[in-house]
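1. Next one to model:
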Amino acid sequence: MTKRILILSVFVVASCGLAYELIAGALSSYLLGDSVLQFSTIIGCYLFAMGVGAHFSKYVRDEDVLGRFIDIELAVGLIGGVSAALLFMAFTWMAGPFRTLLYTLVFLIGMMVGMEVPLVMRALNERNTEFAELVSRVLTFDYLGALAVSLLFPLVLAPHLGLVRTAFLFGMLNVGVALWTLYAFRAELANLGGRVLRACAVLFALALGFMLSDRMVGWGERSLFGDEIVYSSTTPYQRLVITRWKDDLRLYINGNLQFSSRDEYRYHEALVHPALQQLPWARRVLVLGGGDGLALREVLRYKHIEEVTLVDLDPAMTHTFATRPELVKLNAHAFADPRVKVVNADAGVWLKTIDTLYDAVIVDFPDPSSFALGKLYSVPFYGILKKHVAANGLIVVQSTSPYFAPNAYWTIDATLREVGMRTWPYHLYVPSFGEWGFIMASPQAQYAPPERYALPLRYLNADTTRAMFSFPPDMQRRPMAPNRLNTQSLVHEFEQDWNGVIR
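-> Residues are numbered from 1 along each chain as shown. A predicted model of the protein is given here:
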């Protein structure tokens, strides 16, 4: 019976150990961007720390193996359980030390996790378990635990519990391992009462944190964003936060501002109307990204448009903007229009499954701040997209800032031209973002900016449109290489551009 308890402990501690690693990687990706860099460095630090822990496990005396194992479970449960809350608060209130705290916590947790399995193997060995059977059972349950949490984390835990609450949950599981080990081996352990009291105190603290996690995240986000938070949600893909100050609604994705309701009309008029005004024959439009429905709102103003397909990866995004009253008002009930079809899928994958030809495509993806987003600005993606646009149709791509991120902006232009597109770059000033850029493209069409608009618009007219397609000397075209999928140069250019702005 005692052997089975120890083997089961391996399954649980392996699950917990991987969970803390995934939580640290996901949280740092949300807050810092560049998911490949964050996960790579965290995994490296964590594995190194496990090696250090495995080395130090040999200094635990044989007669004290179980006692030290219980102490480690309590320590890793406490530190791992509070890790996500500590990191989130650190980023909110002390952005400078965030990375130091991140890698310190990852190292401490990894070192303690690295000690767990060697101690369990020693405890089993003391109970006359055959070595081959010992290694086989321990490693089998270790890997099974890792598999279980690797599936549960993205599908169930992160989207439904959130990162902070998930960390507290796994911390309680570590304490649970300590408690059942205390019970199973009570006859062999010294200072049993003191250890039980410590375990109960840690369990109580973690349970309290689990219950208060939403409040802690709310406090942190109110401090981070400054305004009242009217909606927040962690989805399998991103963290959504909507704030309000007076009449200004703002959407943040992973902490990055996506729009302000006070000036979003400038952005979305410039994104949609310079193209659709010149396509009076267009009947079928594709919107990629834009799950807030604001670009969709502008497209639907054209009565000759008969069908609009919007493709956004995150169903939580489109559902939120289709159902919350203040957001439905902002996008003018766009998702309720019978001409609209919503597809929640990866745009790159979805495009490969259809043979539909569109007259216009509006590409409103988030900035290429990670490799997952950078692939949507790559040569292969634009090559596929070109096959789904009418020869004389137009594509408009949100292309970050030609002033703050000029290398990234002109890399997107070079990528579109690499697949045989004609391009017409343009830009405008949006108060919430500063100078912002778009690129018009077409397989074959000739394009000239509109001199008038059939619809009443708040920002665009002949003069503002003419100015958009003229670049001053400090935003002139740069010779950049196209963004290829195997190198993702755009992501690096984007990061370097914006890091220069921040410094």
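2. for whichever helix in the chain runs longest, the distance to its chain's centre please.
-> Taking DSSP state H as the criterion, the chain has its longest helix at helix 192-225. Relative to the centre of its chain, helix 192-225 is centred 25 Å away, using CA atoms, centre = their mean, to the nearest Å.
3. next structured bit after it?
-> Using DSSP states H and E, the next helix or strand after helix 192-225 towards the C-terminus is strand 228-234.
4. Please work out the average pLDDT along that next one.
-> Taken as a whole, strand 228-234 carries a mean pLDDT of 79.
5. so what does it touch, helix or strand wise?
-> helix 192-225, strand 239-245, helix 315-323 (3 or more CB pairs under 8 Å, 6 or more residues apart in numbering; DSSP states H and E). The C-beta positions use only the backbone N, C-alpha and C, and glycine is treated the same way.
6. Go again with 7 Å.
-> helix 192-225, strand 239-245 (3 or more CB pairs under 7 Å, 6 or more residues apart in numbering; DSSP states H and E).
7. Is the residue nearest to residue 233 when sequence neighbours are not counted bridged to anything, and to what?
-> Nearest residue to residue 233 in three dimensions, chain neighbours excluded: residue 240, at 4.8 Å (CB to CB, 6 or more residues apart in numbering). On the basis of DSSP bridges, residue 240 is bridged to residue 233, residue 253.
8. Go ahead and confirm residue 462 touches residue 452.
-> Yes - under the criterion of CB atoms under 7 Å, residue 462 makes contact with residue 452 at 6.1 Å.
9. And the two? Which one has more around it.
-> residue 462 (12 against 9; other CB atoms under 10 Å).
10. just checking, the residue nearest to residue 233 touches residue 250?
-> No - applying CB under 7 Å, one finds residue 240 not in contact with residue 250, separated by 11.6 Å.
11. Please identify every residue contacting each of those two.
-> Listed contacts common to residue 240 and residue 250 are nil; contacts here mean CB atoms under 7 Å, 6 or more residues apart in numbering.
12. And the strands in the protein?
-> Under the criterion DSSP state E, strands of the chain are mapped to 228-234, 239-245, 248-253, 256-260, 284-289, 307-311, 340-343, 358-364, 389-398, 422-430, 434-442.
13. Pairing partners for the fourth one, with directions?
-> Strand 256-260 has the following sheet partners, assigned by DSSP bridges: strand 248-253 (antiparallel).
14. Please apply the same query to the shortest one.
-> According to DSSP bridges, strand 340-343 forms sheet pairs with strand 307-311 (parallel).
15. which residues are contacting the strand it pairs with?
-> 283-288, 290, 296, 299-300, 339-343, 345, 347, 350.
16. returning to what we had before: the helices and strands packed on strand 228-234 into a markdown table, with extra columns for distance to residue 18?
-> Formatted as a markdown table, the helices and strands packed on strand 228-234 follow (distance: least, CB to CB, whole Å):
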| stretch | distance to residue 18 |
| --- | --- |
| helix 192-225 | 18 |
| strand 239-245 | 21 |
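17. Please identify the deepest-packed of those.
-> Mean neighbour count (mean count of other CB atoms under 10 Å) peaks for strand 239-245 among these, with a mean of 20.
18. which helices and strands does that one pack with?
-> On a contact count with 3+ CB pairs under 7 Å, 6+ apart, strand 239-245 meets helix 192-225, strand 228-234, strand 248-253, helix 315-323.
19. Looking at the ones you listed, spot the one closest to residue 497.
-> Across the helices and strands packed on strand 239-245, residue 497 has its closest neighbour in strand 248-253 (19.3 Å, CB to CB).
20. model confidence over that closest one, on average?
-> What strand 248-253 shows for mean pLDDT is 89.
21. roughly how far out does it sit from the chain middle?
-> Using CA atoms, centre = their mean, the offset of strand 248-253 from its chain centre is 16 Å.
22. Buried residues, that strand. List them.
-> 249, 250, 251, 252, 253 (16 or more other CB atoms under 10 Å).
23. export that strand as CSV, just CAs?
-> Taking C-alpha atoms only, strand 248-253 is exported to CSV below (Å, rounded to 0.1, in the frame of the first residue of the first chain):
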residue,chain,number,x,y,z
ASP,A,248,-14.3,55.8,-23.5
LEU,A,249,-14.3,52.0,-23.8
ARG,A,250,-10.9,50.4,-24.4
LEU,A,251,-10.0,46.9,-25.4
TYR,A,252,-6.7,45.3,-24.3
ILE,A,253,-5.4,42.0,-25.5
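24. Tabulate the helices and strands packed on strand 228-234 (JSON lines), appending mean pLDDT.
-> Listed next are these as JSON lines, based on pLDDT from 0 to 100:
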{"stretch": "helix 192-225", "mean pLDDT": "83"}
{"stretch": "strand 239-245", "mean pLDDT": "86"}
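25. Among these, single out whichever gets nearest to residue 444.
-> Residue 444 sits nearest to strand 239-245 of all these, at 38.7 Å, using CB to CB.
26. how distant is that closest one from the center of its chain?
-> Taking CA atoms, centre = their mean, one finds the center of strand 239-245 at 16 Å from the center of the full chain.
27. and the angle for it with strand 228-234?
-> 170 degrees (axes from the mean of the first three to the mean of the last three CA atoms, to 10 degrees).
28. Not counting strand 239-245 itself, show me its contacts.
-> 30, 221, 225, 227-233, 249-254, 316-317, 320.
29. quick one: it to helix 315-323, angle?
-> 30 degrees.
30. Next, the angle from strand 239-245 to helix 192-225.
-> Taking the same axes, to 10 degrees, strand 239-245 and helix 192-225 form an angle of 50 degrees between their directions.
31. Now do the contacts for the closest residue to residue 234 other than its chain neighbours.
-> Using CB to CB, 6+ apart and skipping the chain neighbours, the partner closest in space to residue 234 is residue 162 (4.6 Å). For residue 162, the contact set (CB under 7 Å, 6+ apart) comprises 213, 217, 234.
32. If we use 10 Å, what do you get?
-> 84, 168, 213, 214, 217, 232, 233, 234, 239 (CB atoms under 10 Å, 6 or more residues apart in numbering).
33. Would you agree the second one is in contact with residue 202?
-> I take that to be residue 168. No - the pair formed by residue 168 and residue 202 falls short of the contact definition of CB atoms under 10 Å, at 11.3 Å.
34. Give the residues shared as contacts by those two.
-> When contacts are counted by CB under 10 Å, 6+ apart, the set common to residue 168 and residue 202 consists of 77, 81.
35. circling back: mind putting the contacts of residue 162 into CSV with distance to residue 488?
-> Putting the contacts of residue 162 into CSV (distance: CB to CB, whole Å) gives the following:
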residue, distance to residue 488
84, 28
168, 35
213, 35
214, 36
217, 31
232, 30
233, 28
234, 26
239, 23
